[in-house]
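Enquirer: sequence and computational prediction follow.
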Amino acid sequence: MGGRGARMLPNGFTSQEYKAVGSIAGVKVLRKIEGNQNIPDRSNTPGTAYIRLSDDNKFRQYREYGQDRKPVFELGYGNHKGITSLHVHYWEGDVRHTREFTGKDDEKHGKMLRAAGMRKVGGKYVW
């Protein structure tokens, strides 16, 4: 995504699709102007990260992009395999994998999650 919210495509840029509405722990918070609310599949800025909040401003998604502008790591809060929880997606090439959120993830991302309004109850992040 470009600084003005345009999404990068192989043939160039589309019209503006996202807007930055603030930041949490130094990470831009994005809102989709209309349509699907997911974070962009690609970033126009190598090595960046974005956060997505729900319409009621609750944390839903954090995604990091590599130098090739493709996603490499993501935290998601929502229903996954029938359980509402914080979970991790990571990419190996173009293949996306899922795993549980671990203590190591908490060490790296806990401050950002707490800044986004989440709290730990019984060792798990909740609203």
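Expert: Everything's here; your move.
Enquirer: center of this structure - which residue?
Expert: For the chain, the residue nearest the mean C-alpha position is Tyr62 (2.1 Å; C-alpha atoms, centre = their mean).
Enquirer: name the nearest residue to that residue, sequence neighbours excluded.
Expert: Of all residues not flanking Tyr62 in the chain, Leu75 sits nearest, at 4.4 Å (C-beta to C-beta, 6 or more residues apart in numbering). Every residue, glycine included, has its C-beta placed from N, CA and C.
Enquirer: helix or strand for that neighbour, which one?
Expert: Element membership for Leu75 (DSSP states H and E) is strand 71-80.
Enquirer: for that strand, name the packing helices and strands.
Expert: Here strand 71-80 touches strand 59-65, strand 83-92, helix 103-115, going by 3 or more C-beta pairs under 8 Å, 6 or more residues apart in numbering; DSSP states H and E.
Enquirer: which neighbours does the strand or helix carrying Lys120 have in its sheet, and in what orientation?
Expert: Assigned by DSSP H and E, Lys120 belongs to strand 119-121. Sheet pairing for strand 119-121, assigned by DSSP bridges, gives strand 124-126 (antiparallel).
Enquirer: buried ones in the strand it pairs with?
Expert: For strand 124-126, the buried set under the neighbour-count rule, 16 or more other C-beta atoms under 10 Å, comprises Tyr125.
Enquirer: which residue is the nearest non-sequential neighbour of Arg99?
Expert: Per C-beta to C-beta, 6+ apart, closest to Arg99 is Val88, 5.1 Å.
Enquirer: and that neighbour, bridged to which residues?
Expert: Leu75, Arg99.
Enquirer: how close does it sit to Val72?
Expert: As judged by C-beta to C-beta, to the nearest Å, Val88 and Val72 stand 11 Å apart.
Enquirer: quick one on the thing from earlier: now do the strand holding Leu75: everything it contacts.
Expert: Defining contact as C-beta atoms under 8 Å, 6 or more residues apart in numbering, one finds that strand 71-80 is touched by 39, 41-42, 58-66, 84-91, 98, 101, 105, 109, 113, 118, 125.
Enquirer: no further queries at this time; thank you.
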